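Participant: just a sequence and a predicted model for now, questions to come.
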Amino acid sequence: MSEAMHISSTFAQELAQLRDMIVRMGGMVENQLALAAQAVVDSDSSASSRAVEQDPAVDALEREIEQLVIRMIALRQPVANDLRQVIAALKMTSDLERIGDYAANVAKRSVVLAQFSLPFTLTGLASMARLVQENLRLTVDAISSDDSDKALQAWRSDEAIDNLYNSIFRELVTYMMEDARSITPCTHLLFVAKNLERIGDHATNIAENVYYAVTGDVLPEGRPKGESTASAIIRPAAAV
């Protein structure tokens, strides 16, 4: 085997290792998010603790992936398609780490929320959490299979998450205006919803990088987005 063929074979093995590590990290944050959602919706303190406890392992894997990427760039000096895949992998890892942080924050807020008896259901928030989980799962599947179609589907799914977030935002603001006693729990719920919305954004970032790594094409800058919260609040209702 020539030296060039050996280097090419070794780099291909390292790329496969890199993808496997990112998929493993994706699975970890998927589980973290599921536990955080369970902690909020079911007031499950055990799920909250497990979600928070997983965060250091996610951070450690991120550092391990970064070290592999640096070694690959330094030793293999990839170009063109190879370099694109390596850089995209590094960006995906950063987004996955942020998703883990947001999931841990949701879990921590569930502990405070469990102290309140809420006069309303968390059906909307549970639906939003489910949508975000489905989108993240689709994104991780796209990484695992180098599937640009799944990446595009995940990219387009963010609009539904944004629309549901805006609906929850308006609902919680209404509760706070009607009853001052609900201000504290509703404020925590607003942060939970915002964290879920940000997880959706990071999943969309990952989908964009998967699409770019696989096809070499960049998705449009204008993502499909729902109605902005600010405009939804200040826009007057239509006359009836």
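Facilitator: Noted; the coordinates are in hand.
Participant: most centrally placed residue in the chain?
Facilitator: Residue closest to the mean C-alpha point of the chain, counted by Cα atoms, centre = their mean, is Ile199 at 3.4 Å.
Participant: how far away is it from Ala129?
Facilitator: Distance of Ile199 to Ala129, computed by Cβ to Cβ, to the nearest Å: 9 Å. The way it works is simple: take the backbone N, C-alpha and C, and place the C-beta from them, glycine included.
Participant: list the buried residues of the top helix by length along the chain.
Facilitator: The helix spanning the most residues in the chain, taking DSSP state H as the definition, is helix 3-42. For helix 3-42, the neighbour count (16 or more other Cβ atoms under 10 Å) marks 11, 14-15, 18-19, 21-22, 25-26, 28-41 as buried.
Participant: so how far is stretch 130-145 off the chain centroid?
Facilitator: Distance, stretch centre to chain centre, for stretch 130-145: 9 Å (Cα atoms, centre = their mean, to the nearest Å).
Participant: got the phi/psi numbers for Pro119?
Facilitator: When quoted as degrees, to the nearest 10, the phi and psi of Pro119 stand at phi -80, psi 20.
Participant: ok, it - contacts?
Facilitator: By Cβ atoms under 8 Å, 6 or more residues apart in numbering, the residues touching Pro119 are 175, 179, 182.
Participant: check contacts around the residue nearest to Leu122 when sequence neighbours are not counted.
Facilitator: Excluding the flanking residues, the one nearest Leu122 by Cβ to Cβ, 6 or more residues apart in numbering is Val41, at 5.4 Å. The neighbourhood of Val41, defined by Cβ under 8 Å, 6+ apart, consists of 122, 125-126, 129.
Participant: would you mind measuring from Val41 to Thr10?
Facilitator: Look at Val41 and Thr10: by Cβ to Cβ, they are 47 Å apart.
Participant: swap in Gly216?
Facilitator: Counting by Cβ to Cβ, the gap from Gly216 to Thr10 is 23 Å.
Participant: re the thing from before, among the contacts of Pro119, which lie within helices?
Facilitator: Under the assignment DSSP H, these contribute Tyr175 to helices.
Participant: for the one helix or strand Ile87 maps to, packing partners?
Facilitator: Using DSSP states H and E, Ile87 sits in helix 80-113. Judged by 3 or more Cβ pairs under 8 Å, 6 or more residues apart in numbering; DSSP states H and E, the packing partners of helix 80-113 are helix 3-42, helix 45-53, helix 55-76, helix 183-215.
Participant: may I ask which helix or strand of the chain has the lowest mean pLDDT?
Facilitator: helix 229-234 (a mean of 40; mean pLDDT, DSSP states H and E).
Participant: what about this structure, any weak spots by pLDDT?
Facilitator: 1-7, 221-240 (pLDDT under 70).
Participant: the same query, at a cut-off of 90, please.
Facilitator: 1-12, 14, 73-85, 117-121, 216-240 (pLDDT under 90).
Participant: measure stretch 107-122 end to end?
Facilitator: 15 Å (Cα to Cα, to the nearest Å).
Participant: any buried residues in that stretch, and which?
Facilitator: For stretch 107-122, the neighbour count (16+ other Cβ under 10 Å) marks 107-111, 113-114, 122 as buried.
Participant: gap between Leu118 and Val111?
Facilitator: To Val111, Leu118 is 15 Å away according to Cβ to Cβ.
Participant: and for Leu18?
Facilitator: Distance of Leu18 to Val111, given as Cβ to Cβ: 36 Å.
Participant: Ser43 now?
Facilitator: Counting by Cβ to Cβ, the gap from Ser43 to Val111 is 9 Å.
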